[in-house]
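A.B. asks: just need the structure, nothing else, for what follows:
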Amino acid sequence: MSLLSDIFSLLTSKMLNNLEENRKNPVHFQQKLFSNLTESLCHTEFGKEHGIKRGISLYEFQNSIPLRDYDNFEPFIERVRRGEDKVLWDKPTIWFAKSSGTSTARSKFIPVSSESLHSCHFSGMKKMLATYVANNPDSRIFDGDTLTLGGSVTVDELGTGKSHYGDLSAILLRNSPFWVEMRRVPGQKTALLSDFEKKVEEICKNAHRYNVTNFSGVPSWNLVLMRRILEYTGKKTLHEIWPNLELFMHGGINFDPYRSEFKKIIPSEQMRYMENYNASEGYFAFQDNPLDKSMLLLTDNGVFYEFIPMSRLNEALSGRYTNFDTTETVNTTENYAVVITTNGGLWRYLLGDCVRFTSLFPHKIIISGRTQLFINTFGEELMINNAERAMTTVCEKHSASVANYTVAPLFMEGNSKGAHQWLIEFSTKPNDITDFTFDLDKELRSLNSDYDAKRNNNVTMSMPEVVVLNDGIFYEWMRQKGKLGGQNKVPRLSGERTYADQLLEIQNSSFGKVL
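C.D. replies: Got it, this is the predicted structure:
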């Protein structure tokens, strides 16, 4: 057994006991955390501006601090970035995670305090690993290397030279405990390169030197990396290079559309996959049972949760509804918008994700969508979970697999009806794209009654249009936008045509025609 295994074994028992208590009594942990967080809030400028006093009740808290999204928080965050102390958190904050901007084009700078780093992000990762080892007692995961792509960090030009911003993965790398750095590859010099393509090439050159047992990150970028490694080495599967590979910890986007592609390059029964729910704002949940896709909500991990029923989101945004649900009052029938209060200095922050509880005690969730990532141009209310489920089902039926896709509306013009345009880059194309389109529409209609009503007899919407993009179009689009690697993601749904038109322009350009 390795030194790292010995160190981790000493920590595992306590973490597993903590997780068991988390399952049994999440409400207790949330109440205790709420008291601790609001105690810190009292000593901040934000807290003073909102009249927060020691011992504040949840009801008072909910009626003193309005719901905020990033745009409303930005003036406070800018003050922190400029070096002002105790604005949002009662201790200095020098790290800011530059988010990928999934639902908006503009980047966000999320404060990451020392407490958030260690008792939220790193804590969640350790709990996930402890659970994996407990579920797989024969695991040799710590006898080899952990491969992470990483992002990059830079000195914040708004600050005094002491603060930095960058991709969350890069911030985690820069602050990793020694026991993680002992077996992480590539080295920081390569992992923190800002040039994604150069980083991939450096990893490829050294792939044969590594003994990778696990890797983590966003499925789409890791698939790009792994395919490039196979191309570089001339091997057909990753186990030919890394025979001890056993785990991929993934998050950021739905894994189902990528599952078949990973099975092609890792065709082994010993390979396992674990989903985690983390973001720049915090580490929230992970899959604790390999037979259950839902994730255990971490209720003692530096994040206090509130939940807005999606049916009341507009009321909440207007301030007419403030007393949101908590872990004590949620149910398993609603889709909820997630609101977080964190030890990074975010207070009643609208995260942008939608979740649904699959069970209570333990509180387990699935990500059901985004509060902004949907299309409702014609009253169809197509949500991301509808699109992902339909795509997965239809790909399985047609023995196809998808590299990337996005959906945009085709607006009504003249006598034409509205429709959805699906721009899809396939890894494995279906034999008949017309049949594929028909089945995609059929599956969407079965999943979404609003979509079905608008499609009925083509009254409002026509059959969707599927445009097959050439290989590499999405990659080139992300490259042109400076969003290769890290936590950057392709927006799956958009209510306007900016993304779709940009992709079609590349497809029709000289670049697209030579692919």
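
A.B. asks: against residue 216, how distant is the residue nearest to the spatial centre of the chain?
C.D. replies: Taking CA atoms, centre = their mean, the centroid of the chain lies closest to residue 252, which sits 2.4 Å from it. Distance, residue 252 to residue 216, by CB to CB, to the nearest Å: 10 Å. The C-beta positions use only the backbone N, C-alpha and C, and glycine is treated the same way.

A.B. asks: identify the residues contacting the closest residue in space to the residue nearest to the centre of the chain that isn't next to it in sequence.
C.D. replies: Sequence neighbours aside, residue 218 is the residue nearest to residue 252 in space, at 4.0 Å (criterion: CB to CB, 6 or more residues apart in numbering). Taking CB atoms under 8 Å, 6 or more residues apart in numbering as the contact definition, residue 218 lies against 250, 251, 252, 253, 486, 487, 488, 489.

A.B. asks: which residue ranges of the stretch 301-450 of the chain form helices?
C.D. replies: Read by DSSP state H, counting those that start in this stretch, the stretch 301-450 of the chain holds these helices, from start to end of the chain: 313-318, 384-397, 433-447, 449-455.

A.B. asks: give me the angle between the longest one and helix 384-397.
C.D. replies: Translated: helix 433-447. Compare the direction of helix 433-447 with that of helix 384-397 by axes from the mean of the first three to the mean of the last three CA atoms, to 10 degrees and you get 140 degrees.

A.B. asks: how far does helix 433-447 sit from its chain's centre?
C.D. replies: Per CA atoms, centre = their mean, to the nearest Å, the displacement of helix 433-447 from the mean C-alpha position of its chain is 27 Å.

A.B. asks: show the pLDDT at the spatially closest residue to residue 219 that is not a sequence neighbour.
C.D. replies: When the adjacent residues along the chain are set aside, residue 219 lies closest to residue 258, with 4.3 Å between them (CB to CB, 6+ apart). Reading off the confidence values, residue 258 has pLDDT 85.

A.B. asks: thought residue 258 was touching residue 223?
C.D. replies: Yes. Under the criterion of CB atoms under 8 Å, residue 258 makes contact with residue 223 at 6.0 Å.

A.B. asks: distance of the residue nearest to the centre of the chain relative to residue 339?
C.D. replies: Between residue 252 and residue 339 the distance is 20 Å, computed by CB to CB.

A.B. asks: go on, residue 236?
C.D. replies: Separation of residue 236 from residue 339 (CB to CB): 47 Å.

A.B. asks: more crowded one of those two?
C.D. replies: Set side by side, residue 236 and residue 339 show unequal neighbour counts under other CB atoms under 10 Å, the larger going to residue 339 at 23 against 11.

A.B. asks: look up how far residue 317 lies from that one.
C.D. replies: Distance check for residue 339 against residue 317: by CB to CB, it reads 11 Å.

A.B. asks: distance between the ends of stretch 484-498?
C.D. replies: From the first residue to the last, stretch 484-498 extends over 19 Å; the measure is CA to CA, to the nearest Å.

A.B. asks: okay, buried residues for that stretch please.
C.D. replies: For stretch 484-498, burial by neighbour count (16 or more other CB atoms under 10 Å) applies to 484, 485, 486, 487, 488, 489, 490, 491, 492, 493, 494.

A.B. asks: format those residues as TSV; extra columns: distance to residue 50 and secondary structure.
C.D. replies: Output for the buried residues of stretch 484-498, formatted as TSV (distance: CB to CB, whole Å; DSSP: H, G, I helix; E, B strand; the rest coil):
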residue	distance to residue 50	secondary structure
484	40	coil
485	38	coil
486	34	coil
487	31	coil
488	34	coil
489	33	coil
490	38	coil
491	33	coil
492	36	coil
493	35	strand
494	35	coil
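
A.B. asks: can you pull the domain assignment for this structure?
C.D. replies: As recorded under automatic domain parsing, the domains making up the chain are 3-95+293-370, 116-149+170-279, 374-514.

A.B. asks: between the two ends of the second one, what distance do you get?
C.D. replies: The first residue of domain 116-149+170-279 is 12 Å away from its last residue (CA to CA).

A.B. asks: begin at 598 from here
C.D. replies: Got it, the first residue is 598 from now on, which makes the last one we talked about domain 713-746+767-876.

A.B. asks: off-centre distance for that domain?
C.D. replies: For domain 713-746+767-876, the distance to the chain centre is 16 Å (CA atoms, centre = their mean).

A.B. asks: ditto for the last one
C.D. replies: The chain centroid and the centroid of domain 971-1111 are separated by 20 Å under CA atoms, centre = their mean.

A.B. asks: repeat that for the first one.
C.D. replies: The chain centre lies 17 Å from the centre of domain 600-692+890-967; the measure is CA atoms, centre = their mean.

A.B. asks: taking the mean pLDDT, what do you get for it?
C.D. replies: Average pLDDT, domain 600-692+890-967: 94.

A.B. asks: one more: stretch 1018-1027?
C.D. replies: If you average the pLDDT values across stretch 1018-1027, you get 96.

A.B. asks: give me the buried positions along it.
C.D. replies: Residues 1018, 1019, 1020, 1021, 1022, 1023, 1024, 1026, 1027 are the ones in stretch 1018-1027 that count as buried (16+ other CB under 10 Å).

A.B. asks: ok, stretch 1061-1078 next?
C.D. replies: 1061, 1063, 1066, 1069, 1070, 1071, 1072, 1073, 1074, 1075.
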